[in-house]
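Participant: sequence plus the predicted model coming up.
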Protein chains: 2
Amino acid sequence: MADAGVPRLRLRLDLAAGISFGPGKAALLQGIAETGSIAAAGRRIGMSYKRAWQLVDGLNRDFAAALVSTSRGGAHGGGAALTPLGAEVLAAYRALEAQASAGLHDGLVRLADRLAPCDSG
Amino acid sequence: MADAGVPRLRLRLDLAAGISFGPGKAALLQGIAETGSIAAAGRRIGMSYKRAWQLVDGLNRDFAAALVSTSRGGAHGGGAALTPLGAEVLAAYRALEAQASAGLHDGLVRLADRLAPCDSG
């Protein structure tokens, strides 16, 4: 799973009208890259099989080329992998996220300091 | 409503374990500031009355002091307003958002350039 350290920020990018890319899609793409499976990638982030496929289908339509390639059948029921564009988009998102995290760190900590004192175990 | 210009980014801040602040809560607080009503603020962003109240209640518990003050009864069925801390938190979030938008603009545009050509009307 992702680093649970807080405070931290996550980015949602509204790339065009009705087309966004955010933490969920990034985690799905990352999971596909790491597991070779859309179903397994979805499970890792608590996303249903149907929802994961819908997101992949949408991503493949929204971008200039597919971000995820799939192969059906075979002993393992088919696999999935990021295309070069898929890897590029994920890396670009992670780079923007890292840049924002570095630039906004101090302000984020100041905001977190406004929270109620933590008294849970 | 918010500026619909794209590409743009939105921030989700994970301030502590289980406590996040993002576009929805910011829009709700902004709506409360502008309408003086939790219900009206929720309606502006397509959020149910119940959900809007739940979010306000959670915000008031999560931070060191309430972010929204409410008055019940009266001719208008009660009103709501941001407290000083509520105004401060909203302003801090908007400032972080603006900082990120400025710093990440070029990378965001490059990513949006990877989208499929737009052919819808």
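Facilitator: Received it, and whenever you're ready, just let me know what you need. As the structure is a prediction and not an experimental result, all values here were calculated from the model. Numbers count the residues shown, from 1 in each chain, chains lettered A, B, ... in the order given.

Participant: can you mark which positions in the longest strand seen in chain A are buried?
Facilitator: Secondary structure of chain A per DSSP state E: the longest strand is strand A:8-16. Buried residues in strand A:8-16, counted by 16 or more other CB atoms under 10 Å in any protein chain shown: A:8, A:9, A:10, A:11, A:12, A:13, A:14, A:15. For glycine as for every other residue, the C-beta is placed from the backbone atoms N, C-alpha and C.

Participant: then stretch A:19-34?
Facilitator: Judged by neighbour count (16+ other CB under 10 Å), stretch A:19-34 contains these buried residues: A:19-33.

Participant: closest to residue B:62 among those?
Facilitator: Closest approach between the buried residues of stretch A:19-34 and residue B:62, by CB to CB: residue A:23, at 20.0 Å.

Participant: for the closest residue to the closest one other than its chain neighbours, what are its contacts?
Facilitator: Nearest residue to residue A:23 in three dimensions, chain neighbours excluded: residue A:10, at 4.4 Å (CB to CB, 6 or more residues apart in numbering or on different chains). Neighbouring residues of residue A:10 by CB atoms under 8 Å, 6 or more residues apart in numbering or on different chains: A:22, A:23, A:97, B:11, B:12, B:13, B:14.

Participant: and the longest strand of chain A, how far from the chain's centre?
Facilitator: The chain centroid and the centroid of strand A:8-16 are separated by 10 Å, computed with CA atoms, centre = their mean, to the nearest Å.

Participant: repeat for stretch A:13-25
Facilitator: In terms of CA atoms, centre = their mean, the centre of stretch A:13-25 is set 11 Å apart from its chain centre.

Participant: stretch A:78-85 now?
Facilitator: Between the mean C-alpha location of stretch A:78-85 and the chain-wide mean there is a distance of 15 Å, by CA atoms, centre = their mean.

Participant: pretty sure residue A:70 is touching residue A:80, no?
Facilitator: Yes - at 4.8 Å, residue A:70 and residue A:80 qualify as touching, with contact defined as CB atoms under 8 Å.

Participant: quick one: contacts for the residue nearest the centre of chain A?
Facilitator: The residue lying closest to the centre of chain A (CA atoms, centre = their mean) is residue A:26, at 1.5 Å. Contacts were defined as CB under 8 Å, 6+ apart; by that measure residue A:26 touches A:90, A:93, A:94, A:97.

Participant: coming back round to it: more neighbours, residue A:70 and residue A:80?
Facilitator: Each of residue A:70 and residue A:80 had its neighbours counted (other CB atoms under 10 Å in any protein chain shown), and the higher figure belongs to residue A:80 (22 against 15).

Participant: quick revisit: filter the contacts of residue A:26 down to the ones near chain B?
Facilitator: Filtering those for proximity to chain B by CB under 8 Å from any CB of the partner chain leaves residue A:93.

Participant: out of the contacts of residue A:26, which end up buried?
Facilitator: With neighbours counted using 16+ other CB under 10 Å, the contacts of residue A:26 contain these buried positions: A:90, A:93, A:97.

Participant: which one of these is nearest chain B?
Facilitator: Nearest to chain B, judged by CB to the nearest CB, of the buried ones among the contacts of residue A:26 is residue A:93 at 7.2 Å.
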